[in-house]
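In: Could you work out the structure for the sequence below:
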Amino acid sequence: MKLSQMLSAVGAGCPQEAEITALTCDSREVVPGALFVAMEGANTDGHSHIPDALERGAAAVLCRPPLPEGVPGAAVDDPRAALAPLAAEFYGHPETALALIAVTGTKGKTTTAHMLRDILTAAGCKTGMIGTLGAYIGLKKLSDARNTTPEPIALHRTLRQMADVGCTHVVMEVSSQAMKLKRVRGLTFAAGLFLNLSPDHIGGAEHADFAEYRACKAALFRQCRAAVGNADDPNWPVMAAQAPAGAPVSTFGFGEHADVRALGAVPDPDRPLASLLSVEGVNSYSVPLPGVFNAADALAAVALSRALGIPDGAVRAGLSHVCVPGRAQTVPVPAPFTVVIDYAHNGASFDAILSALAEHHPNRILTVFGAGGDRPKLRRTEMARSAARWADYAVLTADNPRSESVEDICADIAAELGGLPHETIPDRRAAIFRALSMAREGDVVALLGKGHEEYIEENGVRRPWSEQGAVEDHFRVQRCI
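Out: Below you'll find the model as predicted:
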């Protein structure tokens, strides 16, 4: 692609006709013929890497004024804002061939995105998904995720892949950081879905305060042709107010004023750890995930599906078999008890998953968990108190100890467990083996904290890890004994 065509996407004139073969904002990824976009990041300023990019063969540079003398390219006031339209141009505007669906909220984005992916697939749509767990076409994983919402170059490259293989729809988790950093600038979404908002991601390099956090969430809806939101959340009016004039706006919730209203959610008596979501005017939906919080995500998926005109049969079929890696994930085991993996790593998420498991009246709840090192110690306190409230036994172990001692972290947790029986086994694999060896018929073994993560981080090193793999190893060993 000619440099002049690339730069026209950001309104920058350029007489040079250099051929651009790649686009990057990382000087280490520059190849001959690349356009290097120099941006300010959280830890470094790309402008200081311009000489390195040129040495590696960059054909042109886009940066803040002034453009280095004799270097092809252009200078713009905000290179970060320019990156998304540049990426869209370079990859041939794949978004024009796709119906994009945005999911945003403090909690539940990943689960709801999986539900929508499965519903659209059941409706016969070839569907891509982009979010916390990576990028997928159907159930096939394309790539892992560095961010919930990728940076523009990776995002448009992925959309290009999806369009080229015939996807018609893409479900995207859109974070507040993505809005703040202009990652989805220029995209128009067929629909945007708002789940909830609570104080989070505030401080450091994220958001200055809750007002900024909420404003970034709300800005998404300016880019949506339809808006669907949680009528039970007091922040929804702020979101809805940003929808374009004439865009249809609808709501869901458990309150009486919601357009799509839930009448309740109860354990499904016919499926282990599943829920029955009762929605006004239709038969109940069976969702193979426990708890009201998962039922609320399913309700959001129902409402968004209705806004898109998806038949109820496809909604029902998609919800009936949804599985989200590391989110209330039931692992099949050759034993008369149940094993659940969940990403819960603070007090609120502990309460949510453990209370949901308790609703199904297991014989006992055995927990395996630790806490992240170099993080507020209040998290340890809250998780411990939640475990004491809902569980019958705890095995304390490693969970990304980082620079702290696993034993010290576990001691902090143990000090808040009250009378809950517990033991400490620093090695997480051995801790899981211990809990599984203790489990009896009717028990639930809840492995909390790691969820989908494929590593344990300690002293600056991430070693490979699989929660499900550890479970499978236990039963493999048992068969060999």
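In: Quick check: Asp427 touching Ala398?
Out: Yes - using Cβ atoms under 8 Å, Asp427 is in contact with Ala398, at 7.0 Å. For the C-beta atoms, the positions are set from N, CA and C on the backbone; glycine is no exception.
In: more neighbours, those two?
Out: Ala398 (27 against 12; other Cβ atoms under 10 Å).
In: per-residue pLDDT, that one?
Out: pLDDT, Ala398: 98.
In: how far away is it from Gly347?
Out: Shown here: Ala398 relative to Gly347, a distance of 19 Å by Cβ to Cβ, to the nearest Å.
In: cool, and Ala191?
Out: Relative to Gly347, and taking Cβ to Cβ, Ala191 is found at 33 Å.
In: what ranges do the helices span in the stretch 201-350 of the chain?
Out: For the stretch 201-350 of the chain, the helices defined by DSSP state H, counting those that start in this stretch occupy 210-219, 236-240, 292-307, 312-320, 347-358.
In: can you list the domain ranges for the chain.
Out: Split into domains by automatic domain parsing, the chain comes to 3-79, 94-320, 329-480.
In: ok so, going back, looking at Ala191 and Gly347, which one has more neighbours?
Out: Taking neighbours as other Cβ under 10 Å, Ala191 and Gly347 compare with Ala191 leading, 22 against 19.
In: And the pLDDT for the closest residue to the more buried one other than its chain neighbours?
Out: The shortest distance from Ala191 to any non-neighbouring residue, by Cβ to Cβ, 6 or more residues apart in numbering, is to Ala226 (4.3 Å). Confidence at Ala226, expressed as pLDDT, is 98.
In: OK, contacts around Ala226?
Out: Ala190, Ala191, Gly192, Ala243, Ala247, Pro248, Val249, Ser250, Ala307, Leu308 (Cβ atoms under 8 Å, 6 or more residues apart in numbering).
In: for Phe252, same thing?
Out: 228-231, 258-262, 299-300, 302-303.
In: doesn't Ala135 fall inside a strand?
Out: Yes - assignment of Ala135 by DSSP: H, G, I helix; E, B strand; the rest coil places it within a strand.
In: still on that earlier bit, which two among the contacts of Ala226 are spaced furthest apart?
Out: With Cβ to Cβ as the measure, no two of these lie farther apart than Ala243 and Leu308, at 15.6 Å.
In: What subset of the contacts of Ala226 is buried?
Out: Ala190, Ala191, Gly192, Ala243, Ala247, Val249, Ser250, Ala307, Leu308 (16 or more other Cβ atoms under 10 Å).
In: Got phi/psi on the nearest residue to the first one once chain neighbours are set aside?
Out: In other words, Ala190. Closest residue to Ala190 in three dimensions, ignoring its sequence neighbours and counting by Cβ to Cβ, 6+ apart: Ala99, at 4.3 Å. When quoted as degrees, to the nearest 10, the phi and psi of Ala99 stand at phi -90, psi 110.
In: right, and Ala99 touches Leu187 too?
Out: No - counting by Cβ under 8 Å, Ala99 stays clear of Leu187, with 11.6 Å between them.
In: Flag the shaky bits of the protein, pLDDT-wise.
Out: Along the chain, the parts satisfying pLDDT under 70 run over 14-16, 42, 200-201, 481.
In: Next, give phi and psi for the residue of it positioned farthest from its centre.
Out: What lies farthest from the middle of the chain is Gly70; by Cα atoms, centre = their mean that is 43.2 Å. Note on Gly70: its backbone torsions stand at phi 80, psi 0 [degrees, to the nearest 10].
In: I figured Asn147 hits Lys180, correct?
Out: No - with contact defined as Cβ under 8 Å, Asn147 does not count as touching Lys180 (11.9 Å).
In: was I right about Asp259 contacting Thr251?
Out: Yes - if you go by Cβ under 8 Å, Asp259 and Thr251 touch, sitting 4.8 Å apart.
In: For the stretch 151-300 of the chain, just list every one of the strands.
Out: Ranges of strands in the stretch 151-300 of the chain, per DSSP state E, counting those that start in this stretch, are 169-173, 191-194, 227-230, 249-253, 260-267, 275-279, 285-287.
In: Just say which of the ones you listed is most tucked in.
Out: strand 227-230 (a mean of 29; mean count of other Cβ atoms under 10 Å).
In: residues making contact with it?
Out: 105, 191-196, 221, 236, 239-240, 243, 247-253, 296, 300, 303-304, 307.
In: Enumerate every residue touching the residue nearest the centre of the chain.
Out: Closest residue to the average C-alpha location of the chain: Thr132 at 2.9 Å, with Cα atoms, centre = their mean. Each residue near Thr132 by Cβ under 8 Å, 6+ apart is listed here: Lys109, Thr110, Ala145, Thr148, Glu173, His452.
In: Now name the helix or strand holding the closest residue to Val71 other than its chain neighbours.
Out: Distance criterion Cβ to Cβ, 6+ apart; nearest residue to Val71, sequence neighbours excluded, is Val61 at 5.3 Å. Here Val61 is covered by strand 60-63, with elements defined by DSSP states H and E.
In: next one: Lys141
Out: Using DSSP H and E, Lys141 falls within strand 140-143.
In: Correct me if wrong: Leu299 contacts Leu277.
Out: Yes - between Leu299 and Leu277 a contact is recorded at 6.2 Å, counting by Cβ under 8 Å.
In: got any residues that touch both of the two?
Out: Both Leu299 and Leu277 are in contact with Ala262, where contact means Cβ under 8 Å, 6+ apart.
In: burial count for the residue lying closest to Leu133 once chain neighbours are set aside?
Out: In this structure, Leu133 finds its nearest non-sequential neighbour in His452, 5.6 Å apart by Cβ to Cβ, 6+ apart. By the measure other Cβ under 10 Å, the count of residues near His452 is 20.
In: Look up how far Thr132 lies from His452.
Out: His452 sits 8 Å away from Thr132, going by Cβ to Cβ.
In: which residues sit in contact with the closest residue to Phe254 other than its chain neighbours?
Out: Closest residue to Phe254 apart from its sequence neighbours, by Cβ to Cβ, 6+ apart: Ala262 at 4.8 Å. Shown in contact with Ala262 (Cβ under 8 Å, 6+ apart): Phe252, Gly253, Phe254, Leu277, Ser278, Val279, Glu280, Ala295, Ala296, Leu299.
In: If Ala262 is in a bridge, with which residues?
Out: Val279 (DSSP bridges).
In: Please report how far it lies from Asn230.
Out: Counting by Cβ to Cβ, the gap from Ala262 to Asn230 is 11 Å.
In: again with Ile413
Out: Ile413 sits 33 Å away from Asn230, going by Cβ to Cβ.
In: can you list contacts of the helix or strand harbouring Ile50?
Out: In this assignment (DSSP H and E), Ile50 forms part of helix 50-55. With Cβ under 8 Å, 6+ apart as the test, helix 50-55 has contacts from Ser27, Val30, Ala34, Phe36, Ala38, Val61, Cys63, Pro68, Val71.
In: give me the number of residues near the fifth one?
Out: Residue crowding around Ala38 was assessed by other Cβ under 10 Å; the count is 22.
In: repeat for the second one
Out: Residue crowding around Val30 was assessed by other Cβ under 10 Å; the count is 22.
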